[in-house]
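Participant: 3D, please:
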Amino acid sequence: MQKSRFLKYFVLFSLCVFSHSSQGAEGTLEVRSLNDLIRLSQERSESLKALNLSLDSLEAEIRSRDLELSTKLATELAWVQDRKSTLASPLRKEDSEALDLDVTKLFTTGTSLALSSRYLLNESAVTGKQNVFDWDLRLSQALWKNAFGRATRQRQESDKYELQSRRYQAELQRQTFLLNLETLYWDLIYSLREQEIRQSNIERSDTLEKWIRARIRHSAAEPVDLLQVQAQGAASRLDLIASQNRISTFKNQLQQLIPGLDPLQLSFELSSLEKASPSAFVPSSSAATESPVRLDTLASQAQEKKLRSDWHRTQDATAPLLDVYVGYGKNGMDPQMNQAFKEMQTSSQYNATVGVLFSLDLDRSLTRDRARSGELQAASASLQTRQLERASALDWKDLSRSIESLKNQVQEAQRLAEFQKQKSLKERVRLQLGRSTVFQSVTFDIDAANAELRYYQTLATLRKTEARTRLFSHDQESL
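Facilitator: Just a heads-up that it's a prediction; the model follows:
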């Protein structure tokens, strides 16, 4: 019995330990590729999170600007004691209680609808106690300033372009962050490749040094040959130390960009250097209309549209106010509250109004200056946008040319590295057969290593150049 109970507890304990270890394993993220690094930065980077919060804040702010169109409710409750003497009633004594209720609704068409109602309980020495119910309905339409909702639509259009401009600006900041992250990634990958090549050079130098020492013991080589090999090994070790220092620096910079990143999580696949950057896109030369535009240019275009919309809205705001309106209302009065309310509903007595409201700012010079200011701002934004559009087109053209050129350079650098590698291997065989010198073999080894490094360096440059396409956008409506 005790043995079975012990086995039961042991099994439960084992399950708990296994579950805990499994959770710990799932919580450990191993970064092996650029996509892993980008995904981790989107989860942890304060900069990217701050951008998202700023955009959410802006969207909420712009939505709240439609508050001016929301239905407004106003109420007032008052108790009044009136003891002021008048010519008609020198000894007037009047007490009243009043409840006012007003509901107003503005529409995007420049129409306003207002409903006013009032309940008054009045008690005086002259009329006695009276209950009064009163209501009025007023419908107004703008005909000049904000005619049929023109200014409201212009404001909403301006809000749309403002949000679009800010989104492009935020996307530019986001893509700039990712560009810096990707550039750092390719620099680190190249440095890891360089470290691998330097270590391989050191191993070959050590092997060659042992072989030369053996030949010196048999008087088949000169001490200068040993010095030549040792010099090559020392140079490779010096380069390795510099490469390892750069790797540490790049990892530290990654930790600065991504909070909580553990260098032990970094286990990159060096072969990713041979693959195209996941962010790269180059449209076909035949589809000129597909040429992307820089994000800062798109932001400027949206800002120009916003300022033009603001200018038109400013012009409308300086126009005279001309509203036509109609009004209708009824009331009921009786010592009894229910009778007063019923009279308000059934009475044939009413009050109807039709009118025109006109208002004009007499200082027209100031209103013209306000409109002129908006016009100049829009014109200035237009000039800046034209300059950015031209720069964006030339920048894309140059970027596309650079990418194509680097692709050709990578092919030639790869061929050169293969030639130098084969030459070095064959020279090593010739050295072992006594048909070459140590100096010649060491020189060929150095040439082979440099050619291989040049190949990977060109590849890294290509990947970083491809990453610059992050700053462009194909689809202007995607944001």
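Participant: Give me the mean pLDDT for the helix or strand where residue 113 lies.
Facilitator: Assessed by DSSP states H and E, residue 113 sits inside strand 111-124. Averaged over strand 111-124, pLDDT sits at 92.
Participant: strands paired with that strand, and their directions?
Facilitator: As defined by DSSP bridges, the strand partners of strand 111-124 come to strand 94-106 (antiparallel), strand 128-142 (antiparallel).
Participant: Return the most buried member of those strands.
Facilitator: Among the strands paired with strand 111-124, strand 128-142 has the highest mean neighbour count (mean count of other Cβ atoms under 10 Å), at a mean of 17. All C-beta spots, glycine's among them, are computed from the backbone N, C-alpha and C.
Participant: chain center to that one, what's the gap?
Facilitator: From the chain centre to the centre of strand 128-142 is a distance of 52 Å (Cα atoms, centre = their mean, to the nearest Å).
Participant: ditto for stretch 33-47
Facilitator: The answer for stretch 33-47 is 14 Å, by Cα atoms, centre = their mean.
Participant: Quick one: mean pLDDT over it.
Facilitator: Mean predicted lDDT for stretch 33-47 stands at 89.
Participant: Okay, buried residues for that stretch please.
Facilitator: Buried residues in stretch 33-47, counted by 16 or more other Cβ atoms under 10 Å: 34, 36-38, 40-41, 45.
Participant: Name the next helix or strand downstream of the strand or helix carrying residue 344, please.
Facilitator: Element membership of residue 344, judged by DSSP H and E, is helix 337-346. Moving toward the C-terminus from helix 337-346, the next helix or strand (DSSP H and E) is strand 351-359.
Participant: Confirm residue 75 sits in a helix?
Facilitator: No - assigned with DSSP: H, G, I helix; E, B strand; the rest coil, residue 75 falls outside any helix and is strand.
Participant: before we move on, back to that, tell me which residues in the helix holding residue 344 are buried?
Facilitator: Result for helix 337-346 [16+ other Cβ under 10 Å]: buried residues 340, 343-344.
Participant: quick one: which of the residues you listed is nearest residue 141?
Facilitator: residue 344 (27.1 Å; Cβ to Cβ).
Participant: Let me see the domain layout of the chain.
Facilitator: Domain segmentation of the chain under automatic domain parsing yields 34-64+152-307+371-473, 72-142+321-359.
Participant: quick revisit: could you dump the buried residues of helix 337-346 to CSV with distance to residue 200 and pLDDT?
Facilitator: Formatted as CSV, the buried residues of helix 337-346 follow (distance: Cβ to Cβ, whole Å; pLDDT from 0 to 100):
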residue, distance to residue 200, pLDDT
340, 103, 86
343, 105, 87
344, 100, 86
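Participant: which one among the residues you listed gets closest to residue 56?
Facilitator: Closest to residue 56 out of the buried residues of helix 337-346 is residue 344 (49.0 Å), distances taken as Cβ to Cβ.
Participant: Double-check the closest one against residue 134; I have them as touching.
Facilitator: Yes - the criterion here is Cβ atoms under 8 Å, and residue 344 meets it with residue 134 at 7.3 Å.
Participant: and residue 331, what pLDDT?
Facilitator: 90.
Participant: Can you check my assumption that it lies in a strand?
Facilitator: Yes - membership of residue 331 in a strand is supported by three-state DSSP.
Participant: which one is it nearest to, not counting chain neighbours?
Facilitator: With sequence-adjacent residues excluded and distances taken as Cβ to Cβ, 6 or more residues apart in numbering, residue 331 is closest to residue 134, at 4.0 Å.
Participant: related to what we said a few turns ago, quick one: which of the domains of the chain is nearest residue 314?
Facilitator: Closest to residue 314 of those is domain 34-64+152-307+371-473 (Cβ to Cβ; 4.2 Å).
Participant: Thought residue 385 was touching residue 301, still the case?
Facilitator: Yes - using Cβ under 8 Å, residue 301 makes contact with residue 385 at a distance of 5.4 Å.
Participant: neighbour count winner among those two?
Facilitator: residue 301 (22 against 19; other Cβ atoms under 10 Å).
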